[in-house]
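Engineer: Below: sequence and its predicted model.
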Amino acid sequence: MTPENPCTCPGCVAACKRKPGWFMPGEVAQAASLLGMSAQDFFDRYLAIDYYAREEGELTNVLSPATTNIEPGGYFGFRPHGRCVFLTTDDRCGIHAAKPFECAQDLHRPESDFQNIHTSIADTWVDHQDEVRALFPGYGEPPPEPTIVDGLDMLFAMLDDLGRL
Ligand code: SF4
């Protein structure tokens, strides 16, 4: 995969339809600049807050593309995440040149490596929470509590994923 040639294999596109990758600190300003927008406008129109929960219960907030289920400017909660807002109708990445760090990694690797990447991105955000706080007025609020409907939606999404394996 190169900046000119994004991977459009079924596995990568399926990931874009299920759960967008996470940005690293500083990347949102670069992506916004590429689109000629302020970071705040970029966040309000296209991004949402996701979080990484540690065993001790501590949450680290990270910046992610929003999805069909997670409104821009909002908070990822206990819901199936859905299709990335940047995935075009012909299943291409609409911000390929400035896609999140996690999306730019080689996803054709064992699940354990993917989890390590996820964790290391969250670790990087620990000392950059000010970047999230500056964009997200609700910073510090806990993620939304799951509802029964959320739980059922998540169950159906998991069953749907299993059917695709
Ligand atoms: S930013 Fe691009 S590569 Fe990442 S999930 Fe969205 S469409 Fe896919």
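Structural biologist: Nice, thanks for sending it over.
Engineer: in the protein, what secondary structure element scores lowest on mean pLDDT?
Structural biologist: Ranked by mean pLDDT, DSSP states H and E, the helix or strand of the chain with the weakest confidence is helix 148-164, at a mean of 72.
Engineer: Contacts made by that one with the rest, please.
Structural biologist: 14, 18, 77-80, 146 (CB atoms under 8 Å, 6 or more residues apart in numbering). For glycine as for every other residue, the C-beta is placed from the backbone atoms N, C-alpha and C.
Engineer: farthest pair in those?
Structural biologist: 14 and 146 (24.2 Å; CB to CB).
Engineer: if I look at the closest residue to residue 53 other than its chain neighbours, how far off is residue 122?
Structural biologist: Spatial nearest neighbour of residue 53, chain neighbours left out: residue 59 (5.5 Å); criterion: CB to CB, 6 or more residues apart in numbering. Separation of residue 59 from residue 122 (CB to CB, to the nearest Å) stands at 10 Å.
Engineer: Can you pull the residues that touch both of the two?
Structural biologist: Residues touching both residue 59 and residue 122 (CB under 8 Å, 6+ apart) are residue 52.
Engineer: So which of the two has more stuff around it?
Structural biologist: Shown here are residue 59 and residue 122; by other CB atoms under 10 Å, residue 122 has more neighbours (19 against 13).
Engineer: Now for that one: which residues touch it?
Structural biologist: 22, 52, 60, 62.
Engineer: again, but for residue 35
Structural biologist: 42, 95, 98.
Engineer: Now the phi/psi pair for the nearest residue to the last one once chain neighbours are set aside, please.
Structural biologist: By the measure of CB to CB, 6+ apart, the closest residue to residue 98 outside its immediate chain neighbours is residue 31, 3.8 Å from it. Taking degrees, to the nearest 10, you get phi -70, psi -40 for the backbone angles of residue 31.
Engineer: Let me see the confidence value for residue 31.
Structural biologist: pLDDT for residue 31: 95.
Engineer: and it, what does it touch?
Structural biologist: 23, 42, 95, 98-99 are the contacts of residue 31 under CB under 8 Å, 6+ apart.
Engineer: which ones among those are found in helices?
Structural biologist: Cross-referencing these against helices under DSSP state H gives residue 42.
Engineer: Can you pull the residues of this protein lying near the ligand?
Structural biologist: Within the chain, the positions lying close to the ligand (CB under 6 Å from any ligand atom) are 16, 20-21, 65, 84, 86-87, 93, 95, 99-100, 103.
Engineer: Please report how far the most far-flung residue of the chain relative to its centre lies from residue 93.
Structural biologist: Here the chain reaches farthest from its C-alpha mean at residue 148, the gap being 23.5 Å by CA atoms, centre = their mean. Distance of residue 148 to residue 93, given as CB to CB: 34 Å.
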